[in-house]
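K.L.:
Whatever this is, show me its structure:
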Amino acid sequence: MNITKNIHEWLFSLMPETTASIVEMVLIAVVYLAIFAVAGLYLVLLERRVAAWFQLRLGPNRVGYQGLLQTMADALKLVSKELTGTLKADKFLYNLAPYFVIVTALMAMSLFPFTKELHAFDINIGIFFLIAISSIGVIGILLAGWSSNNKFALIGAMRSGVQTISYELSVGLSLLTMVLMTGSLQLSQIVEVQEKGGWLIVQGHIPALIAFCIYMIAGTAETNRAPFDLVEAESELGAGFHTEYSGMKFAYFFLAEFINMFIIASIATTVFFGAYLSPFGITENIPLLGVFWFLGKTLLLIFLMMWFRWTFPRLRIDQLLVLEWKYLLPLNLMNLLLMALMVLLGLTIQF
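P.N.:
Model (predicted):
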């Protein structure tokens, strides 16, 4: 974009090349941190309004116009809370755990192509990097549960490890199914393929639709959200792995859940629905509208995940694992073979 090009040229005219590069990277990081914070706060508000809508009540409507400042007030309250913990907690790991969760979520966000130009980190192993970096977040949850010196927190953390490792297989295989069509792991190239031949969910028709359904189920499970929220399971484990956290440390875990939901929806938007591409190319001549299309598609998928939460009852841990290992994983493997055959025989839809 012209604005980023102008800033780049201005910085390099003011200072030496090495210093300018560092300053530029810091500025990009600050922008993404701002996006991260705002997205997290307003996704919490969206969740509360959607929950209220499903339950025929009003939801937050007091602080600011239509309750728009409610989450800001909640954030200020959490900042002012005392940071408490257990006496025999492993202090170093206890304090480190929330940062594992937050930093991995922030790193994943930097890969998404919001428009053709607004793309901070475009690497040739994009999909692989996203799967790898999102799986590191579970280390933070395991550390939080183990270091808290609380049996309920530890059980919640162990459940999280089992759940995340299991459902990552289905997330990875469903994305691999779509990579067969593009021949590339790089997100910008995946979008280019869709620019030429249409969204992948249309190009791949039946196998792509199956892959999308599996991805959304497995993605919801990986973010530890209802009906797969056994990691917290308020009725039996208190608050689960973050029972012993308070104030901003608790807020980090809470924020990370919503940002991870944004990440899962953004990956689906990019891989299945053409990222910033408009339907039938209706606004391709106005590049800035790409942000609108990207966020619009992502918010629709987030709404779908919220719909799951307020519709289905929580599964038991055995049901959760049976769903993955007996149903989703075999279906995913068969679907992968079906997609490979379809690509080999040239049965994809191009338009």
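K.L.:
Closest to the centroid, which residue in the protein?
P.N.:
Among the residues of the chain, the one closest to the centroid is residue 263, at 2.0 Å (CA atoms, centre = their mean).
K.L.:
and the nearest residue to that residue once chain neighbours are set aside, what pLDDT?
P.N.:
Among residues not flanking residue 263 along the chain, residue 108 sits closest, at 4.9 Å (CB to CB, 6 or more residues apart in numbering). All C-beta atoms are positioned from the backbone trio N, CA, C, and that covers glycine. pLDDT for residue 108: 90.
K.L.:
With residue 2 instead?
P.N.:
Residue 2 carries a pLDDT value of 48.
K.L.:
Check residue 233 too.
P.N.:
Looking at residue 233, the pLDDT reads 69.
K.L.:
the bottom helix or strand of this protein by mean pLDDT?
P.N.:
The helix or strand of the chain with the poorest confidence is helix 234-237; it has a mean of 66 (mean pLDDT, DSSP states H and E).
K.L.:
next structured bit after it?
P.N.:
On the C-terminal side of helix 234-237, the nearest following helix or strand under DSSP states H and E is helix 247-272.
K.L.:
give the contact list for the residue nearest to residue 263.
P.N.:
Going by CB atoms under 8 Å, 6 or more residues apart in numbering, residue 108 touches 130, 133, 134, 263.
K.L.:
Same check on residue 338?
P.N.:
206, 207.
K.L.:
Ok, residue 348 next?
P.N.:
Applying CB under 8 Å, 6+ apart to residue 348 gives the contacts 181, 197, 203, 204, 205, 342.
K.L.:
Among the residues you listed, which one has the most neighbours?
P.N.:
residue 204 (26 neighbours; other CB atoms under 10 Å).
K.L.:
Okay, and the nearest residue to it once chain neighbours are set aside sits in which element?
P.N.:
Computed as CB to CB, 6+ apart, the closest residue to residue 204 that is not its neighbour in sequence is residue 181, at 5.7 Å. Assigned by DSSP H and E, residue 181 falls within helix 151-182.
K.L.:
then the helix or strand following that helix to CSV, C-alphas only?
P.N.:
Using DSSP H and E, the helix or strand that follows helix 151-182 towards the C-terminus is helix 187-197. Extracted C-alpha coordinates of helix 187-197, given in CSV (Å, rounded to 0.1, in the frame of the first residue of the first chain):
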residue,chain,number,x,y,z
LEU,A,187,-0.9,-18.3,2.0
SER,A,188,-0.4,-15.7,-0.7
GLN,A,189,-0.2,-18.5,-3.3
ILE,A,190,-3.2,-20.2,-1.9
VAL,A,191,-5.2,-16.9,-2.4
GLU,A,192,-3.7,-16.5,-5.9
VAL,A,193,-5.1,-20.0,-6.9
GLN,A,194,-8.5,-18.9,-5.7
GLU,A,195,-8.2,-15.6,-7.6
LYS,A,196,-7.8,-17.5,-10.9
GLY,A,197,-10.2,-20.4,-10.3
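K.L.:
Past helix 187-197, which element shows up next along the chain?
P.N.:
If you walk from helix 187-197 toward the C-terminus, the next helix or strand you reach (DSSP H and E) is helix 200-203.
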